[in-house]
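Undergrad: With the sequence up front, the predicted model follows.
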Amino acid sequence: MAKKVLIVDDAIFMRNMIKEIFVSGDFEVVGEAANGLEAVEKYKEFRPDITTMDIVMPFKSGIEATREIIKADPKAVVVMCSALGQESLVMEAIEAGASDFIVKPFKSEDVLSVVRKVLGSP
């Protein structure tokens, strides 16, 4: 059975790009969110196997959303997506409970490699 993915990014082109990567890797994209508030709501609605989370977003940052998701579900798997130069934010995200991170711009094989690693699948 395909692993379920929630994609969170305020830029629609990034969500579409990430969605294509997951679909090509035989994952099921169950939902998308454009900000941290939506991310928490959609996580609770869909209970995905993995969530990709942008760090800088309107209304609620990816770090705040990750904290809330991990508090609600300590087993949640969240992979942060950050632009170059956001290393301090990445460390904060890991402390908030993120499993790993991917640096933008990224290649599809890098994304799938990180995701498979955090899910413990080949």
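TA: Yep, it's here.
Undergrad: going forward, measure contacts between C-alpha atoms and count neighbours the same way
TA: Fine.
Undergrad: What is the neighbour count of Thr51?
TA: Thr51 has 27 neighbours, counted by other C-alpha atoms under 10 Å.
Undergrad: repeat for Val23
TA: Using other C-alpha under 10 Å, Val23 has 13 neighbouring residues.
Undergrad: can you map out the helices along the protein?
TA: With helices called from DSSP state H, the chain shows them at 12-24, 36-46, 62-72, 87-96, 108-119.
Undergrad: Any idea which residue is closest to the centre of this protein?
TA: In the chain, the centroid-proximal residue (C-alpha atoms, centre = their mean) is Thr52; its distance is 1.0 Å.
Undergrad: picking up where we left off before, tell me which of the helices of the chain is the most buried.
TA: helix 62-72 (a mean of 21; mean count of other C-alpha atoms under 10 Å).
Undergrad: beta partners for Phe101?
TA: Counting by DSSP bridges, Phe101 forms beta bridges with Met80.
Undergrad: oh, and call the first residue 452 from now on, that's how I've got it
TA: All right, first residue 452 from here; so that's Phe552.
Undergrad: quick one: contacts for it?
TA: For Phe552, the contact set (C-alpha atoms under 8 Å, 6 or more residues apart in numbering) comprises 530-533, 541, 565.
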